[in-house]
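[1] My questions are about this predicted structure, shown below with the sequence.
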Amino acid sequence: MSSSSQPKFKEGDELEAAVDQAISACGGNMRATVRALIVANEYLESELAELMKAVSRAYARGRFNSYSG
C-alpha cells in the first residue's frame, strides 16, 4: 500500500494502546497475541457472512427498499 492510502497514526494514539492491550492480555506472548487476533478475525468474518446472508434474504423478500438516490 502506498503511504497516502495508509491511515495516519501517531505514537501514543488509540491504535498503539489497542496493540499494547492485546499483547498484555496474552501475557506478553507475541505468538499467543497473533493467534488470538486470527481467531477473533475468523469469528468476525463468520458473523459478517451470516449477516450478509440475512440481509440478502430480507432484501429478496422486499423488506429493504433499494436506494433511489
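    Now that the structure is in, tell me what you want to look at. If you're wondering where the values come from, they're calculated on a predicted model, not measured in any experiment.
[2] Please point out which parts of the host helix or strand of residue 45 sit buried.
    If you go by DSSP states H and E, residue 45 is part of helix 30-60. For helix 30-60, the neighbour count (16 or more other CB atoms under 10 Å) marks residue 33 as buried. All C-beta atoms are positioned from the backbone trio N, CA, C, and that covers glycine.
[3] Show me what it is packed against.
    helix 14-25 (3 or more CB pairs under 8 Å, 6 or more residues apart in numbering; DSSP states H and E).
[4] What average pLDDT does the helix it packs on get?
    Rounded to a whole number, the mean pLDDT of helix 14-25 is 95.
[5] what sits up against it?
    9, 30, 33, 36, 37 (CB atoms under 8 Å, 6 or more residues apart in numbering).
[6] From the structure, what's the count of residues near the closest residue to the third one other than its chain neighbours?
    This points to residue 33. Of all residues beyond its chain neighbours, the one nearest residue 33 is residue 26 (4.3 Å), with distances taken as CB to CB, 6 or more residues apart in numbering. Residue crowding around residue 26 was assessed by other CB atoms under 10 Å; the count is 16.
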